[in-house]
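S.K.: The amino acid sequence is not available; the structure is as follows:
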C-alpha cells in the first residue's frame, strides 16, 4: 500500500526524575472510561522529561501538518429542538452550556442542520419550506417560509452561537418539496429530470441559506441531498439522487449561491464510506464521479457517513483529489431493545473512539459530526426511520438530562481541538477494525497549543510514551479509555523529516511507511541472524537519523541489528550497527545519501521481529 511517510523526531525518552522536572513542560490529562468511573475527568498533570522508555512511543511531529479543522458536533434536529425547548428554563440553559460553552461545557463547534423534515421530526406530518397541495406547483417559490423553524430550532441555534461564537453550521435536505419529485411525495422518489426543476430546487436552497442568515444563523456548508443513494427510506423523507441529477443540481446552485452567500461551501455526496447492500445497484464510485464532473468546480469537497464501509475511503478519495476537502457529517450511536445502559455506553464509546474520533480525523476529515444532539429515553421522538438511535444527551421522563457516550467522544475533540487547528503527524498503532493497540491523533491549535487524543483499544490497561521535540512522558490508560492530553509549550523538533512519499518496502510492500501504522511488516518467526527488511526510497535522500519503530507488539524489536545503504540495490555498505533495547530504535549516523536502506537482524530471540514505522530525518 502506498502512503505518505510519517515525519517525526524520535528520541525514545521518558519522564524525567523529580529533580530534573523543574521548569519542564506540563501536560494536562482528561480521561473517560467505558464504566463511567471517569467522565472527562481531569487527572493530575504529568511532566515532560528525559530518559529512555521501553513502551510504544507516540511521536508527535508538528513539522508535518494535514487538514485544517472546522469543528465537531451533532445536529439539533426537529426532535432535539422539541426536547430541548420543552425543558425547564434552568435545565435547558445548563444543558446548552454543557453542550456549547467552550469553558464550562464541551464547546460543540459544528452543527449539521436538516433543511426541512428528517426521520427525527416530532410532528406527525413531515414538511419542507415550500409545501403546496397535491397536484400544484410553486416555481416562483411564493410559499417559501422557514416559519416552522422560528418556533424552536432557530432560537436554539442562536443560543448555541451565542455560547460558542466560532460554531459552524452545515445544512442538508432530506427531500425537496414533493411537487419537485416524480412520486409527489417527500418519502422516496427522485427529482423530476427537468431543467426547470433543477433551477427551482437550486433557488429553494439559496432562499433557505438567505432566510437562515437573516435569522442570525449563517450557513457555512451546504450539501444538496442527505444520503443520495438511500433509495428506500423507511417512512421518512429521502430522495434517490443519482450522480447525474446531483451534477445538475450543483451546476444550477453554484453560481446562484456564490452571488447570494459567498461564505457557504457546497459539499458533494454526503453518504457512507462504501455502498450499503440495501442501496442495491447504486453507483459505488459516486464521490469520484461527482468530483470528476463539470460540477466539481463548485464543490469544496465531499461529506461522508459511518453506516457502511471504513474511514480509509476518505483517504483514498483525498489521494485521488488532493485539492478537495473531506468532511465527516453523520454517525449515530445505536442501542438494542434489551441492551443495558452500561453496555450501550461502553460499546458506543469504544466504537466511536476508533472510527469517528480517530478514524475520521486520521483520514483527512475536517469535521466529525454525530446525529441527534438530544433524544429521549426511548430514542425518539422520531417519525419513521431509526428506532435505535442515541444522542449526545438523553432527556429523561422526569425532565432531567444525562450525558451519553457520544457527548464524551465528541467532547474529547471539541473541547480541546479548536476551529482552525491542524492535524499534525503522530504515530498510531491501533486500527479502526480493532487490534487492541493504542490509537491516537494529534492537533496543533491556532494558539500554538497541542492536543493529543488517545484511545486504548484493549480491555486491559496499556502503557505508552509520548514524544514531542526533545521531551517525552509515559502514561498508562485503563482498558477502553479515551483521553485527551494538552500542552502549551512549543517543543521544537531538532531535525527535519525526509519525505518518503512513494517509498516501498521489500518483501511485497508489506511495510506501511506512513503515519497510521495500519499495516505492519513482520518476519513471522523467531529472530535469527540474516533476516532483513529492505526499503526503496524511490530516489536518493540525505539523512542523519533513522528511526525503526516496532509498534505496539511489545518485545518484537531486533535484539541486534545492522543498517546498510545502497545506491543501486545491489552493492551495499554498512553504516551502523547496535543492540535494540525497546520498541523504538533510533540510529544516528553521519550525514548519508542513499536510495536503498536495509535493516538486518544480527541476533537471535524467541520474539518475532516487527516494524510498524520506518522514518528518516535530516
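M.R.: Sure thing, it's come through. As the structure is a computational prediction, the values presented were derived from the model and not from experiment. Residues are numbered from 1 along each chain as shown.
S.K.: Using the three-state scheme, assign residue 300.
M.R.: strand (DSSP: H, G, I helix; E, B strand; the rest coil).
S.K.: residues touching it, list them.
M.R.: 221, 265-267, 324-325 (Cβ atoms under 8 Å, 6 or more residues apart in numbering). C-beta coordinates here come from the backbone N, C-alpha and C atoms, glycine included.
S.K.: try 7 Å
M.R.: The neighbours of residue 300, taking Cβ atoms under 7 Å, 6 or more residues apart in numbering as the test, are 265-267, 325.
S.K.: Distance-wise, check it relative to residue 199.
M.R.: 22 Å (Cβ to Cβ, to the nearest Å).
S.K.: cool, and residue 361?
M.R.: Residue 361 sits 38 Å away from residue 199 when distances are taken as Cβ to Cβ.
S.K.: Compare these two (neighbour count), which wins?
M.R.: Ranked by neighbour count (other Cβ atoms under 10 Å), residue 361 and residue 199 place residue 361 first, with 27 against 16.
S.K.: Just send the contacts of residue 300 back as a markdown table, with distance to residue 231 too.
M.R.: Shown next, in a markdown table, are these (distance: Cβ to Cβ, whole Å):
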| residue | distance to residue 231 |
| --- | --- |
| 265 | 27 |
| 266 | 23 |
| 267 | 21 |
| 325 | 27 |
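S.K.: any idea how far the residue nearest to residue 395 when sequence neighbours are not counted lies from residue 113?
M.R.: Of all residues not flanking residue 395 in the chain, residue 83 sits nearest, at 4.5 Å (Cβ to Cβ, 6 or more residues apart in numbering). Taking Cβ to Cβ as the measure, residue 83 falls 16 Å from residue 113.
S.K.: Show me the shaky parts of the stretch 251-400 of the chain.
M.R.: The stretch 251-400 of the chain contains no residues with pLDDT under 70.
S.K.: which residue ranges form the helices in the protein?
M.R.: Ranges of helices within the chain are 78-85, 89-100, 147-151, 153-163, 195-214, 243-260, 286-292, 312-320, 341-352, 405-414, based on DSSP state H.
S.K.: Any chance of JSON lines for these, columns distance to residue 434?
M.R.: JSON lines is the format used below for the helices of the chain (distance: least, Cβ to Cβ, whole Å):
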{"stretch": "helix 78-85", "distance to residue 434": "30"}
{"stretch": "helix 89-100", "distance to residue 434": "29"}
{"stretch": "helix 147-151", "distance to residue 434": "40"}
{"stretch": "helix 153-163", "distance to residue 434": "34"}
{"stretch": "helix 195-214", "distance to residue 434": "40"}
{"stretch": "helix 243-260", "distance to residue 434": "33"}
{"stretch": "helix 286-292", "distance to residue 434": "26"}
{"stretch": "helix 312-320", "distance to residue 434": "14"}
{"stretch": "helix 341-352", "distance to residue 434": "8"}
{"stretch": "helix 405-414", "distance to residue 434": "16"}
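S.K.: Which of these sits closest to residue 385?
M.R.: Smallest distance to residue 385 across the helices of the chain (Cβ to Cβ): 10.4 Å, for helix 78-85.
S.K.: Just the buried positions in the closest one, please.
M.R.: Under the neighbour-count criterion of 16 or more other Cβ atoms under 10 Å, helix 78-85 has 78-84 buried.
S.K.: can you state the direction angle for it and helix 89-100?
M.R.: 130 degrees (axes from the mean of the first three to the mean of the last three Cα atoms, to 10 degrees).
S.K.: What is helix 78-85 packed up against?
M.R.: Counting contacts by 3 or more Cβ pairs under 7 Å, 6 or more residues apart in numbering; DSSP states H and E, helix 78-85 is packed against helix 153-163, strand 374-376.
S.K.: I'd like these laid out as a markdown table, including distance to residue 334.
M.R.: Formatted as a markdown table, the helices and strands packed on helix 78-85 follow (distance: least, Cβ to Cβ, whole Å):
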| stretch | distance to residue 334 |
| --- | --- |
| helix 153-163 | 24 |
| strand 374-376 | 12 |
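S.K.: Please identify the deepest-packed of the ones you listed.
M.R.: Highest mean neighbour count among the helices and strands packed on helix 78-85 (mean count of other Cβ atoms under 10 Å): strand 374-376, with a mean of 24.
S.K.: got a list of contacts for it?
M.R.: So strand 374-376 is contacted by 79-80, 83-84, 389-395 (Cβ under 7 Å, 6+ apart).
S.K.: which secondary element of the protein has the worst mean pLDDT?
M.R.: For the chain, scoring each helix and strand by mean pLDDT, DSSP states H and E identifies strand 504-506 as the least confident one, at a mean of 60.
S.K.: Okay, now the unreliable bits of the protein?
M.R.: Using pLDDT under 70, the chain drops low at 1-23, 51-52, 492-494, 497, 499-521.
S.K.: What lies in contact with stretch 125-142?
M.R.: Stretch 125-142 is contacted from outside by 116-117, 143-146, 148, 175-177, 179, 184, 186, 196, 200, 203-204, 207-208, 236-237, 383, using Cβ under 7 Å, 6+ apart.
S.K.: Pull out the buried residues from it.
M.R.: The neighbour-count check on stretch 125-142 (16+ other Cβ under 10 Å) flags 126-131, 138 as buried.
S.K.: before we move on, what about stretch 297-310?
M.R.: In stretch 297-310, counting by 16+ other Cβ under 10 Å, buried: 298-307, 309-310.
S.K.: swap in stretch 430-446?
M.R.: Judged by neighbour count (16+ other Cβ under 10 Å), stretch 430-446 contains these buried residues: 430-432, 435-445.
S.K.: That one: end-to-end distance?
M.R.: Length of stretch 430-446, first residue to last, Cα to Cα, to the nearest Å: 27 Å.
S.K.: picking up where we left off before, most neighbours per residue, which of the helices of the chain?
M.R.: Scoring those by mean count of other Cβ under 10 Å, the most buried comes out as helix 405-414, with a mean of 27.
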